[in-house]
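Asks: coordinates only, sequence not included:
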């Protein structure tokens, strides 16, 4: 995974570190602060570099560096199948492979990607199918 430098903030750790080498949080908070000497924010308790704009780096919030949360699989969320009949299986695989901490955000990303190719009704039906058989 990579990001164009035009998309990320001037003070983003993505300019210095690769994916998984910093944490991503939903927004600035008192738990992190900007360090001019480094040129990016750091978590106050862990000292790990922190990005505060998940959409700009294309990663959902996660403690990738500090807690070893695995990066999301690019190919699953970005590439829904071409056939609506395979949509439920694709979503079931995403549920199976997802980190439990990130399941909600991963499903949201998958739903958004699927609605580009399929009608909302098809996506809902596939979600129902996937969730019913996700045990």
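Replies: Cool, the structure landed. As the structure is a prediction and not an experimental result, all values here were calculated from the model.
Asks: quick one, helices of this protein?
Replies: Applying DSSP state H to the chain gives helices spanning 54-57, 74-78, 87-97, 103-117, 120-132.
Asks: report pLDDT for residue 2.
Replies: Looking at residue 2, its pLDDT is 47.
Asks: excluding its backbone neighbours, what's nearest residue 21?
Replies: Spatially, and ignoring its direct neighbours in sequence, residue 21 is nearest to residue 65 (5.6 Å; CB to CB, 6 or more residues apart in numbering). Placement of C-beta: from N, CA and C, glycine included.
Asks: mind listing what the residue positioned nearest the centre of the chain touches?
Replies: In the chain, the C-alpha closest to the average C-alpha coordinate belongs to residue 60, at a distance of 2.8 Å (CA atoms, centre = their mean). Residues in contact with residue 60 (CB atoms under 8 Å, 6 or more residues apart in numbering) are 24, 54, 72, 102, 105-106, 109.
Asks: reformat these as JSON lines; add pLDDT.
Replies: What follows is the contacts of residue 60, written out as JSON lines (pLDDT from 0 to 100):
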{"residue": "24", "pLDDT": "92"}
{"residue": "54", "pLDDT": "79"}
{"residue": "72", "pLDDT": "76"}
{"residue": "102", "pLDDT": "72"}
{"residue": "105", "pLDDT": "77"}
{"residue": "106", "pLDDT": "78"}
{"residue": "109", "pLDDT": "80"}
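Asks: contact partners for the nearest residue to residue 59 once chain neighbours are set aside?
Replies: Nearest residue to residue 59, sequence neighbours excluded (CB to CB, 6+ apart): residue 24, at 4.8 Å. Residues near residue 24 by CB under 8 Å, 6+ apart: 50-52, 54, 57, 59-62, 64.
Asks: mind listing the residues bridging to residue 24?
Replies: residue 51, residue 62 (DSSP bridges).
Asks: give me the distance between it and residue 12.
Replies: Using CB to CB, to the nearest Å, one gets 10 Å for the distance from residue 24 to residue 12.
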